[in-house]
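Sequence first, predicted coordinates after that:
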Amino acid sequence: MSIDVEAVRRQTRGVLSVSHLNNAGSSLVPSPVLETVVAHLRREEEIGGYEAAEEAADRLEGVYSSVARLIAARPNEIALAENGSRAWAAAVYSFPFVSGTRVLIGHTEYAGNVIALRHLARRHGLQLVVLDDDSHGQVDVEHLQRELERGDVAMVALTHVPMANGLVNPAAEVGKRCRAAGVMFVLDACQSVGQMPLDVQSLGCDVLAGTGRKFLRGPRGTAFLYVRAGVLERLEPAMLDGHSAVPTGAGGFEVRGDARRFESWEASAAGRLGLGRAADYALALGLDAVQERVAALAERLRGELAAVPAVTVHDRGITRCGIVTFSVKGSDARNIRSRLADQRMNVSVAPLSVLSDTFPAGMRPGEDMVVRASVHYYNTESELQRLVDFLR
Ligand SMILES: Cc1ncc(COP(=O)(O)O)c(C=O)c1O
């Protein structure tokens, strides 16, 4: 089954006003998602927030099943969160780190995760080890293997699709090595969820974090966390409230037995329903078909851009996705973004590398901004052509 581009564009009102090539930032929500959110807000207006949630209780419960289906997990392994960073941190900050152990990360780890890991390293006396890239620019699985064999590895944290590179890291291969070594594998899937099929069994991850607003096309302020049932008991949440635990006699408490131990009580019910609707929408289109179209559009764009003399395309990796990064000789990336915005073409800018000690030769922090054009299945070939023509 392939994507009916006309049909999905009819359900994407934003395409009437912009060429939206910032799906890695925040995608245009499809009308079924918008209607779900607005309808629930209306019910809150009409009958009250708690009452509207009670009325929608089954559908709110169904969100966990929808998200679980999206990544081939079980509903009790899913927690909902307000953003991908919090979802990821809720699990990582709960890990029982032992001083002197090591955490392995890739060069393309998300900047916010690196900060959090440096924080944890300082707090617990951990060593952060940045794995080499292989010759394709993706995480070097052989280096990972050597580090796992050296021992003392508490955790491997990897970003599946980096924020500013079109590559898809070989997560399943990493997962296989971590499983064999008995090491916790945390996968940041914020940029991959919604643009490709994800299956936590074949990825071999213990923890996976995803955000709603990017390629999944959910509302802003929504995200989810997967924690494999088998590791849940090892992760006692860094923070608890009356939703994640219950008081017991004699001044004690009992932590929930499912992944919702990482949630807090108050949340946007409308946003959560929208997230569930976005997951259903993606599943109905078929993630294989989504990936096929997104990857093909992005590869076409890379080819067209590479043919423009002043343009350099930076994406690496063997498997590539919908993120296309490039720079234009003699032009600042921010300037290009604003000139494209004047033409109603949305792109973003991003640093090529987030680890200050791994900038490409000759570049320093702040000097390595590239333009990021991120395509989705509802974009058209003519939108891409317009971008290329303008740059030319
Ligand atoms: C790779 C990656 N991980 C995590 C995040 C964080 O997601 P959120 O903004 O929902 O916290 C982002 C956001 O840009 C990202 O690109």
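In hand now; what should we look at?

following the lowest-mean-pLDDT helix or strand in the chain, which helix or strand comes up?
Taking mean pLDDT, DSSP states H and E as the measure, the helices and strands of the chain show their lowest mean at strand 348-351, namely a mean of 92. Following the chain from strand 348-351 toward its C-terminal end, the next helix or strand by DSSP states H and E is strand 369-374.

After that next one, heading C-terminal, what element do we hit next?
For strand 369-374, the following helix or strand on the C-terminal side (DSSP H and E) is helix 381-391.

buried sites along that next one?
Of the residues in helix 381-391, those buried by neighbour count under the rule 16 or more other C-beta atoms under 10 Å are Glu383, Leu384, Arg386, Leu387, Val388, Leu391. C-beta here means a position set from N, CA and C on the backbone, and glycine is covered the same way.

what's the distance between the residue lying closest to His243 once chain neighbours are set aside and Gly182?
Once its chain neighbours are removed from consideration, His243 has its nearest residue in Trp265; the separation is 3.8 Å (C-beta to C-beta, 6 or more residues apart in numbering). Trp265 sits 34 Å away from Gly182 when distances are taken as C-beta to C-beta, to the nearest Å.

Likewise for Arg69?
Taking C-beta to C-beta as the measure, Arg69 and Gly182 are separated by 28 Å.

can you check Gly49 too?
From Gly49 over to Gly182 the distance is 45 Å, taken as C-beta to C-beta.

same question, Val114
With distances defined as C-beta to C-beta, the gap from Val114 to Gly182 amounts to 25 Å.

Give me the more crowded residue out of these two.
Neighbours per residue, other C-beta atoms under 10 Å: of Val114 and Gly182, the larger number sits with Val114, 18 against 8.

from the chain's centre, how far out does the host helix or strand of that one sit?
Taking DSSP H and E as the criterion, Val114 maps to helix 111-124. For helix 111-124, the separation from the chain centroid amounts to 19 Å (computed by C-alpha atoms, centre = their mean, to the nearest Å).

The residue nearest to His243: neighbouring residues, count only.
Trp265 has 8 neighbours, counted by other C-beta under 10 Å.

wait, doesn't Leu384 sit right on Val375?
Yes: under the criterion of C-beta atoms under 8 Å, Leu384 is in contact with Val375, at a separation of 7.1 Å.

Can you tell me the closest non-neighbouring residue to whatever residue of the stretch 201-350 of the chain ends up closest to the ligand?
Closest residue of the stretch 201-350 of the chain to the ligand, C-beta to the nearest ligand atom: Thr211 (3.5 Å). The shortest distance from Thr211 to any residue other than its chain neighbours is 3.4 Å, reached at Gly84 (C-beta to C-beta, 6+ apart).

Could you do Thr248 as well?
If the residues on either side of it in the chain are set aside, Thr248 comes closest to Glu254, at 5.2 Å by C-beta to C-beta, 6+ apart.

How about Lys176?
Counting by C-beta to C-beta, 6+ apart, Gly204 is the residue found nearest to Lys176 once chain neighbours are left out, at 5.5 Å.

before we move on, what about Thr36?
Distances taken as C-beta to C-beta, 6+ apart place Arg277 nearest to Thr36, at 4.2 Å, with adjacent residues excluded.
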